[in-house]
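Asks: Structure for this input, please:
(one chain, ligands or ions: 2)
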Amino acid sequence: MGEAPAFFVDNLQNGFSNGFGLKSKGFETFTDVGDKTFVIGGANSDSTSSVGIQIYDKSTGKWVIPTVLGTKPKTCKGHSAILLNEDRIMISIRGSTPDDCIWFLEVDTEYVKEQKKDFGTEVVAWSKGVTGEAEKPVVISGPSGVGKGTLINMLMKEFPSMFGFSVSHTTRAPRGMEKNGVHYHFTERNVMENDIKHGKFLEFASVHGNLYGTSIEAVEAVADSGKRCILDIDVQGARSVRASYLDAVFIFICPPSMRELEERLRARGTETEDQILKRLRNAEAEIEQGESSGIFDYILYNHNLEECYENLMELLGLGGSAPIKQKPLSKINNKMVLIVRRKKWETRRRT
Ligand SMILES: Nc1ncnc2c1ncn2[C@@H]1O[C@H](COP(=O)(O)OP(=O)(O)OP(=O)(O)O)[C@@H](O)[C@H]1O
Ligand SMILES: Nc1nc2c(ncn2[C@@H]2O[C@H](COP(=O)(O)O)[C@@H](O)[C@H]2O)c(=O)[nH]1
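Replies: Residues are numbered from 1 along each chain as shown. Ligands and ions are numbered 1, 2, ... in the order given. Below you'll find the predicted structure:
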């Protein structure tokens with residue numbers, strides 16, 4: 001935990017002038033982060049309000065209203081604020097229930113810095129604190145056809161009360177058996193682009209010619225159900241989540257060979273020839289990044305499905321045959337990475 005806020009005010013009376021020339025509405029906290037003071041709060045006369053945010057920039061002497069991302073606490077009758085790691089403010093809401101009392105406002109995290117560039121404004125991002133023994137979300141990436149969906153389905157079937165799937169949005173057309181709201185939220189590009197602009201997505205990427213993204217709501221819906229969230233997203237998405245506030249476990253699924261990947265994609269029979277070729281072309285770069293970008297905590301080789309599933313269960317602390325600690329660890333980009341069943345990678349360049 002970092003230091004306490006430089007200036008803490010709570011229970012201010014309506015109309016109190018706080019030295020910033022700001023007309024206080026009460027119940028505000030003032031937290032200094034570098035040159036900026038983040039003013040959080042502002043209650044109405046009935047002493048409940050949504051939690052507003054204003055930033056006082058000491059270097060310019062100006063007030064800024066930031067773009068606010070994420071879901072914020074609904075009402076607040078008073079709160080305390082503590083600065084953590086110089087980049088996020090922990091908010092404890094007074095009079096709230098135990099599972100709704102801790103929130104985080106990211107003010108200078110990598111995620112917020114990225115968003116500032118995109119929005120061209122000051123940006124802050126809310127996230128709800130998870131209390132208790134809730135386990136980290138699981139991000140699963142890998143090239144199209146490697147078996148991510150198959151492995152996730154096996155996991156969800158065997159442990160239905162433990163895992164919840166983060167239902168992504170996509171602009172691609174549904175496949176035969178796919179249901180809207182279950183496999184994906186199928187959406188129009190302009191609608192999704194507008195939602196992205198309004199900060200509704202934790203991450204998004206253009207994948208194989210379509211737009212895909214994880215909405216903040218999708219992840220929160222799983223967290224609210226008390227389950228461990230599983231995200232099936234591409235490598236670009238995994239990179240964005242790494243840079244976000246979401247503290248997750250990152251697993252990359254690798255195929256045994258390009259030939260096997262191609263066979264799986266063809267056997268699935270869900271894509272046209274052109275789409276298969278596009279997915280295979282993209283797979284080579286994805287595998288390269290999956291193996292060497294340092295994004296992933298674990299790399300699993302899906303040669304034999306049952307074996308890969310067992311290794312996945314082990315990683316997630318669900319038992320299995322051999323303890324994961326006895327498996328070989330390699331160092332990639334200064335991070336220890338568990339590599340299960342590494343084979344010499346066979347690349348087959350396409351002309
Ligand atoms: N170890 C394996 N051996 C043989 N076939 C497999 C194996 N794992 C998965 N498959 C098969 O490969 C095909 C592709 O698997 P799946 O749809 O799960 O891939 P995916 O990674 O989710 O692809 P996408 O990213 O396009 O959604 C499926 O038909 C599946 O049954
Ligand atoms: N960045 C994101 N990638 C996503 C998301 N949901 C799915 N995906 C990835 O897209 C490809 C193709 O999926 P398909 O269903 O069309 O075969 C695959 O690699 C998925 O992992 C998302 O929300 N964000």
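
Asks: Only C-alpha atoms from now on, for both contacts and neighbour counts.
Replies: Will do.

Asks: how about the nearest residue to V39, chain neighbours excluded?
Replies: Closest residue to V39 apart from its sequence neighbours, by Cα to Cα, 6 or more residues apart in numbering: F30 at 4.7 Å.

Asks: and the closest residue in space to G70 that isn't next to it in sequence, what helix or strand is that in?
Replies: Closest residue to G70 apart from its sequence neighbours, by Cα to Cα, 6+ apart: W126 at 4.9 Å. Here W126, judged by DSSP states H and E, is contained in strand 123-128.

Asks: Can you name the residues in contact with the helix or strand just after that strand?
Replies: For strand 123-128, the succeeding helix or strand toward the C-terminus, using DSSP H and E, is strand 138-141. Identification of contacts with strand 138-141 by Cα atoms under 8 Å, 6 or more residues apart in numbering yields 148, 228-235, 238, 248-253.

Asks: Buried residues in stretch 263-280, which are they?
Replies: Across stretch 263-280, burial judged by 16 or more other Cα atoms under 10 Å covers R264, L265, I276, R279, L280.

Asks: can you tell me the distance between the two ends of it?
Replies: Start and end residues of stretch 263-280 are separated by 11 Å (Cα to Cα, to the nearest Å).

Asks: Check what contacts that stretch and list those residues.
Replies: P143, S144, G145, V146, R175, H208, M258, L261, E262.

Asks: surely the first one meets Q289?
Replies: Translated: P143. No - using Cα atoms under 8 Å, P143 is not in contact with Q289; the gap is 10.6 Å.

Asks: ok, the closest residue to A173 other than its chain neighbours - how many residues close by?
Replies: Computed as Cα to Cα, 6+ apart, the closest residue to A173 that is not its neighbour in sequence is F186, at 7.1 Å. Residues lying near F186 (other Cα atoms under 10 Å) number 20.

Asks: Repeat that for F119.
Replies: Here the number of neighbours of F119 (other Cα under 10 Å) works out to 13.

Asks: what's near enough to touch it?
Replies: By Cα under 8 Å, 6+ apart, the neighbours of F119 are T67.

Asks: Before we move on, what's the pLDDT of it?
Replies: Note for F119: predicted pLDDT of 90.

Asks: Give me the phi and psi angles of it.
Replies: phi -80, psi -20 (degrees, to the nearest 10).
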